[in-house]
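In: Sequence plus the predicted model coming up.
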Amino acid sequence: MRQTLLSIEPEVQEALKYNKPAAAMESSFIAHGLPYPQNYHLALEMLEIIREHGVVPAVTAVIDGKIKIGLSMNQIEEMSFKGGLYFKASASDFGALLAAGRDGATTVAGTIYAASLAGIKACVTGGIGGVHRGAAQSLDISQDLTCLSRFPVTVVSSGVKSILDLKLTLEYLETNGVPIIGYRTGYFPSFYTHQSSYELHHSVDSSRKAARMIKMYELLGWQGGILIVNPVPQKDSLSEEFINCIIEKGLKEVRENNIRGKMLTPFLLNYLSQESGGQCLKTNISLLKNNAELGAKISRDLLGNNK
């Protein structure tokens with residue numbers, strides 16, 4: 001019954017059938033994370049980057065009463081243009097969206113769940129959600145963290161979004177037993193910033209070593225996911241002081257306008273882009289493309305195809 005709710009693009013279906021590498025890609029950044037037309041051009045660039053490494057990209061979404069594993073170019077263009085009309089779909093929203101026939105762009109949590117349903121082992125994003133600042137009062141904790149601990153999908157990201165509480169997010173990940181592996185870094189990256197002050201216990205210096213580590217967890221029967229953190233390239237990294245100054249101003253706007261729930265992150269990301277004179281947008285695009293490349297390499301190496 002579950003398979004009837006999936007709509008897998010032929011290219012992705014062939015990859016899964018013949019054990020070829022595939023990588024899932026979230027769609028929320030297309031609909032809600034970046035402005036048009038940058039979102040459309042970036043999505044196409046990321047698809048091309050993934051394909052250049054012999055990997056089939058699979059953008060996930062909920063469209064026309066189906067969980068889509070792979071979108072057509074027309075569907076990506078439509079999502080890019082109509083953005084806000086797509087519900088910001090986390091994993092727990094799927095049933096309601098399918099029943100109501102509503103369309104949704106998948107968050108990291110939604111992408112993890114969709115990938116697990118299809119049998120795709122890795123997904124690519126910019127930054128995962130986490131524990132929000134002030135969570136002691138709001139209890140606002142992203143479902144991304146729950147899904148990471150629950151489904152066996154490796155997520156490649158540049159850490160967590162800078163608007164979140166990094167320390168509490170790391171504590172939450174540790175409590176829920178999510179392995180965190182740094183890619184060519186001994187410190188957890190801070191999204192717009194190349195690294196934070198938080199050290200990592202495990203790191204690798206190649207996609208092959210990352211794939212070997214993931215396979216070891218599979219051999220152990222590990223039931224949850226793995227987080228591979230890939231810092232934004234140094235040339236595009238912004239200073240922590242610069243980002244935090246803008247974030248504090250943005251959080252003041254949030255409180256004054258009572259912005260919450262699914263609208264909070266898109267508002268803050270847009271605020272950061274505007275207040276930074278476009279620097280945050282440039283960095284966001286850089287890290288997304290960088291993660292697409294690493295995610296493709298890991299997906300390829302998981303199947304032992306090291307061309």
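Out: Cool, got the structure.
In: What are the neighbouring residues in contact with residue 268?
Out: Taking Cβ atoms under 8 Å, 6 or more residues apart in numbering as the criterion, residue 268 is in contact with 163, 247, 250, 251, 254. C-beta coordinates here come from the backbone N, C-alpha and C atoms, glycine included.
In: hang on, the last one in a helix?
Out: I take that to be residue 254. Yes - when classified by DSSP: H, G, I helix; E, B strand; the rest coil, residue 254 is found to be part of a helix.
In: Now do the same for residue 256: its pLDDT.
Out: pLDDT, the model's per-residue confidence, is 81 for residue 256.
In: can you count the residues close to it?
Out: Residue 256 has 8 neighbours, counted by other Cβ atoms under 10 Å.
In: contacting residues around it?
Out: Here residue 256 is in contact with no residues (criterion: Cβ under 8 Å, 6+ apart).
In: What separation is there between it and residue 141?
Out: Distance, residue 256 to residue 141, by Cβ to Cβ, to the nearest Å: 23 Å.
In: which residues of the protein fall in strands?
Out: Secondary structure of the chain (DSSP state E): strands located at 6-8, 22-25, 56-63, 66-69, 87-89, 104-106, 122-124, 154-157, 180-183, 203-204, 226-229.
In: What strands line up against the shortest one, and which way round?
Out: Translated: strand 203-204. Sheet pairing here is set by DSSP bridges, and for strand 203-204 it gives strand 180-183 (parallel).
In: Tabulate the strands of the chain (a markdown table), appending mean neighbour count.
Out: Output for the strands of the chain, formatted as a markdown table (neighbours: other Cβ atoms under 10 Å):
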| stretch | mean neighbour count |
| --- | --- |
| strand 6-8 | 18 |
| strand 22-25 | 29 |
| strand 56-63 | 26 |
| strand 66-69 | 22 |
| strand 87-89 | 24 |
| strand 104-106 | 29 |
| strand 122-124 | 30 |
| strand 154-157 | 28 |
| strand 180-183 | 22 |
| strand 203-204 | 18 |
| strand 226-229 | 24 |
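In: For the ones you listed, give me a markdown table that also has distance to residue 243 and mean pLDDT.
Out: Below are the strands of the chain laid out as a markdown table (distance: least, Cβ to Cβ, whole Å; pLDDT from 0 to 100):
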| stretch | distance to residue 243 | mean pLDDT |
| --- | --- | --- |
| strand 6-8 | 39 | 97 |
| strand 22-25 | 25 | 98 |
| strand 56-63 | 28 | 98 |
| strand 66-69 | 34 | 98 |
| strand 87-89 | 23 | 96 |
| strand 104-106 | 25 | 98 |
| strand 122-124 | 23 | 98 |
| strand 154-157 | 17 | 98 |
| strand 180-183 | 20 | 98 |
| strand 203-204 | 23 | 98 |
| strand 226-229 | 17 | 98 |
